[in-house]
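Asks: Following is a predicted model, sequence given first.
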Amino acid sequence: MVPRRRLELVSGRSHPELAQEIATHLGVELSKANLREFANGEIHCRYDISLRGSDVFIVQTHCGPVNDTLMEQLIMIDAAKRASAKRITAVCPYYGYSRQDRKAIGREPITAKLVADVLQVAGADRVVSLDLHSGQIQGFFDIPFDHLTAMPVLVEELRRQGSADMVIVAPDAGRVKVAERFSQHMNSDLAFVHKRRPRGTHNQVEALDVVGEVEGRHCVLIDDMIDTAGTICAAAELLAERGASDIWAMATHPVLSDPALERLEKSPLSRVVVTDTLPIAPERRIDKLAVLSVSKLIADAIDAVFEDTSVSEIFGGDNLA
């Protein structure tokens with residue numbers, strides 16, 4: 001007898017809307033993990049169907065409170081492993097603790113590596129994530145890691161809404177490689193902002209200078225995430241000082257910690273484009289904020305993993321960090 005392969009898609013509670021959209025694209029039903037808390041806050045999970053021999057994909061974006069959503073995913077992975085799932089893939093649209101990927105000063109942890117370790121110990125056989133803060137995080141895993149990118153969705157939006165005199169701008173030196181890929185797709189010029197973060201600080205940024213021609217041009221800042229919006233807003237203010245005619249920001253992950261929305265409202269940015277890797281409450285959707293869906297990209301990647309076909313071909317190689 002030929003064994004029948006079965007795909008099971010399960011969602012945690014951090015972003016059920018995204019998980020449902022992924023399920024719709026895949027044409028499958030979301031399985032229920034029946035998550036609940038005990039009186040002391042401990043999380044309990046019990047699947048209501050048999051997972052024996054199944055290819056299980058557990059979708060959980062690591063949004064705030066990050067520790068709760070991460071622990072919830074670990075418990076779901078452990079429950080699936082003990083239910084004899086054939087293969088378990090942790091789908092993390094936003095990978096928590098991704099900025100702690102190295103020791104910048106002494107006596108610091110490398111928490112991105114710790115998260116990789118606990119995902120593997122919990123029982124994950126594979127991990128899928130979008131636009132890591134640093135590509136080196138893939139090397140923290142001893143299991144396959146599929147790195148996706150929201151670039152196709154963002155580039156399509158630029159082609160629909162952009163202008164002929166567009167300049168793609170990296171808000172700091174670390175984003176130059178990604179911004180260069182955008183500029184190649186759009187056949188546009190490239191610029192970057194030289195920034196400095198005062199030593200010992202985390203949410204303070206100084207934009208010092210711009211390298212590239214931006215005067216009278218439509219500038220599009222490209223970043224992986226917007227947290228407190230300090231980097232993006234400092235870069236936008238510098239571009240405005242240098243005479244940019246219109247300034248947009250594009251990022252994959254809308255973390256939007258306070259005071260991000262207030263900063264974005266007051267900044268020279270006319271449009272802020274993000275994706276739905278993280279949930280945004282309706283009352284936090286300001287007028288200049290546009291949210292694009294990456295559910296189709298994630299669904300295509302899940303389908304490729306399930307069918308044992310190439311994930312890189314979906315992105316034309318642009319997903320390589």
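Replies: Structure received. Numbers count the residues shown, from 1 in each chain.
Asks: wait, is Glu237 part of a helix?
Replies: Yes - according to DSSP: H, G, I helix; E, B strand; the rest coil, the state of Glu237 is that of a helix.
Asks: Count the residues that sit near it.
Replies: 16 (other C-beta atoms under 10 Å). Any C-beta I mention is one placed from the backbone N, CA and C, and that applies to glycine too.
Asks: In this model Pro268 seems to touch it, though I could be wrong.
Replies: Yes - with contacts counted by C-beta atoms under 8 Å, Glu237 reaches Pro268, the gap being 6.1 Å.
Asks: Now do the helices in the stretch 151-300 of the chain.
Replies: 151-161, 176-186, 230-241, 260-266, 295-306 (DSSP state H, counting those that start in this stretch).
Asks: what about His194, distance to Leu208?
Replies: 5 Å (C-beta to C-beta, to the nearest Å).
Asks: okay, the two: which has more neighbours?
Replies: His194 (15 against 10).
Asks: Okay, and the beta partners of that one?
Replies: When bridges are called by DSSP bridges, His194 pairs up with Asp209.
Asks: Pretty sure it sits against Asp209.
Replies: Yes - His194 lies in contact with Asp209 (C-beta under 8 Å); the separation is 4.7 Å.
Asks: quick one: pLDDT of the nearest residue to Gly53 once chain neighbours are set aside?
Replies: Ranked by C-beta to C-beta, 6 or more residues apart in numbering and with sequence neighbours excluded, the top spatial neighbour of Gly53 is Lys86, at 4.9 Å. Looking at Lys86, its pLDDT reads 97.
Asks: now Lys86: how far from Arg52?
Replies: Lys86 is 8 Å from Arg52, by C-beta to C-beta.
Asks: So between those two, which is more surrounded?
Replies: Lys86 (15 against 10).
Asks: can you pull the contacts of Ile143?
Replies: Counting by C-beta atoms under 8 Å, 6 or more residues apart in numbering, Ile143 touches Gln120, Ala124, Asp125, Arg126, Val127.
Asks: which SS state does it fall under?
Replies: Under the three-state scheme (three-state DSSP), the conformation of Ile143 reads as coil.
Asks: quick one, phi psi at it?
Replies: Main-chain dihedrals, Ile143, degrees, to the nearest 10: phi -120, psi 160.
Asks: Just give the number of residues close to Arg36.
Replies: Counted with other C-beta under 10 Å, the neighbours of Arg36 add up to 11.
Asks: now swap in Ser50 and tell me
Replies: Counted with other C-beta under 10 Å, Ser50 comes out at 12.
Asks: so what's it closest to, chain neighbours aside?
Replies: Excluding the flanking residues, the one nearest Ser50 by C-beta to C-beta, 6+ apart is Ala83, at 7.2 Å.
Asks: quick one: the one you found and Arg52 touch, right?
Replies: Yes - with contact defined as C-beta under 8 Å, Ala83 counts as touching Arg52 (6.7 Å).
Asks: low-confidence ranges in the stretch 201-321 of the chain?
Replies: Along the stretch 201-321 of the chain, segments meeting pLDDT under 70 span 201-207, 320-321.
Asks: quick one, strands of it?
Replies: 206-211, 218-226, 246-254, 271-275, 289-292 (DSSP state E, counting those that start in this stretch).
Asks: Mind putting the ones you listed into a markdown table with distance to Gln184?
Replies: Output for the strands of the stretch 201-321 of the chain, formatted as a markdown table (distance: least, C-beta to C-beta, whole Å):
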| stretch | distance to Gln184 |
| --- | --- |
| strand 206-211 | 18 |
| strand 218-226 | 12 |
| strand 246-254 | 15 |
| strand 271-275 | 19 |
| strand 289-292 | 20 |
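Asks: most centrally placed residue in this structure?
Replies: Centroid-nearest residue in the chain, with C-alpha atoms, centre = their mean: Tyr94, separated by 3.9 Å.
Asks: For the residue lying closest to Lys81 once chain neighbours are set aside, grab the count of nearby residues.
Replies: Leaving aside its sequence neighbours, Lys81 sits nearest to Gly123 (C-beta to C-beta, 6+ apart; 3.3 Å). Neighbours of Gly123 under the rule other C-beta under 10 Å: 18.
Asks: Spit out the contact partners of Arg13.
Replies: Each residue near Arg13 by C-beta under 8 Å, 6+ apart is listed here: Leu35, Thr69, Glu72.
Asks: returning to what we had before: from the contacts of Ile143, which land in helices?
Replies: Here DSSP state H is the test, and these give Gln120 as lying in helices.
Asks: biggest separation within the contacts of Ile143, which pair?
Replies: Using C-beta to C-beta, these span at most 10.2 Å, a distance reached by Gln120 and Arg126.
Asks: Please enumerate the strands of the stretch 1-150 of the chain.
Replies: Under the criterion DSSP E, counting those that start in this stretch, the stretch 1-150 of the chain contains strands at 7-11, 30-31, 36-37, 43-44, 55-59, 87-92, 126-130, 145-148.
Asks: For Met166, find the nearest of the ones you listed.
Replies: strand 126-130 (23.7 Å).
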